[in-house]
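Trainee: give me a model of this one.
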Amino acid sequence: MGKKLYVGNLPFSATDDMLVQTFSSCGDVESAKVIIDRDSGRSKGFGFVEMATDDGAQEAISKLHGQSLDGRSLTVNEARPMAPRSGGGGFGGGGGGGGRGHHGGGRY
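Mentor: Numbers count the residues shown, from 1 in each chain. Below is the predicted model of the structure:
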């Protein structure tokens, strides 16, 4: 099991320090980061906590998942690697299409 945890359903008032305080009851916290929206500057409502040990991470999941933080029920589980983003919409560029341009002047 990994030591990095996803923490969801955070109150918008949550801070990195709040995460450290909450998770330190389960073991040493190596890092804690609330994800901030770069446009609004507000929390996106989730973050990540990295525990020092696998045991601490497991305890945090079993102890804190479903617990209330500022009136919100936390989601705590093992963080999964981010899926690679595709570079486009799946239809290689170019516009084109149809086989009937404005080349041949006649009616069909």
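Trainee: helices along the protein, start to end?
Mentor: 16-23, 54-64 (DSSP state H).
Trainee: what would those look like in CSV with distance to Met82?
Mentor: Using the backbone N, CA and C atoms, a C-beta is placed for each residue, glycine as well. Formatted as CSV, these follow (distance: least, C-beta to C-beta, whole Å):
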stretch, distance to Met82
helix 16-23, 19
helix 54-64, 18
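Trainee: got TSV for the ones you listed, with mean pLDDT, distance to Ser73 and mean neighbour count too?
Mentor: Shown next, in TSV, are the helices of the chain (pLDDT from 0 to 100; distance: least, C-beta to C-beta, whole Å; neighbours: other C-beta atoms under 10 Å):
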stretch	mean pLDDT	distance to Ser73	mean neighbour count
helix 16-23	97	13	17
helix 54-64	98	10	17
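Trainee: out of those, which is closest to Arg42?
Mentor: Nearest of the helices of the chain to Arg42, taken as C-beta to C-beta: helix 16-23 at 14.2 Å.
Trainee: ok and the closest one relative to helix 54-64, angle-wise?
Mentor: Angle of helix 16-23 versus helix 54-64, following axes from the mean of the first three to the mean of the last three C-alpha atoms, to 10 degrees, is 90 degrees.
Trainee: counting contacts, what elements does helix 16-23 pack onto?
Mentor: Here helix 16-23 touches strand 29-36, strand 43-51, helix 54-64, going by 3 or more C-beta pairs under 8 Å, 6 or more residues apart in numbering; DSSP states H and E.
Trainee: who does the shortest one pair up with?
Mentor: For strand 29-36, the paired strands and their directions (DSSP bridges) are strand 43-51 (antiparallel).
Trainee: any idea how far the closest residue to Thr22 other than its chain neighbours is from Asp55?
Mentor: Spatial nearest neighbour of Thr22, chain neighbours left out: Leu69 (6.3 Å); criterion: C-beta to C-beta, 6 or more residues apart in numbering. Leu69 sits 22 Å away from Asp55, taking C-beta to C-beta, to the nearest Å as the criterion.
Trainee: so where is the protein shaky, pLDDT-wise?
Mentor: For the chain, the stretches with pLDDT under 70 are 1-2, 86-108.
Trainee: partners of Phe46 in the sheet?
Mentor: Beta-bridge partners recorded for Phe46 (DSSP bridges): Gly8.
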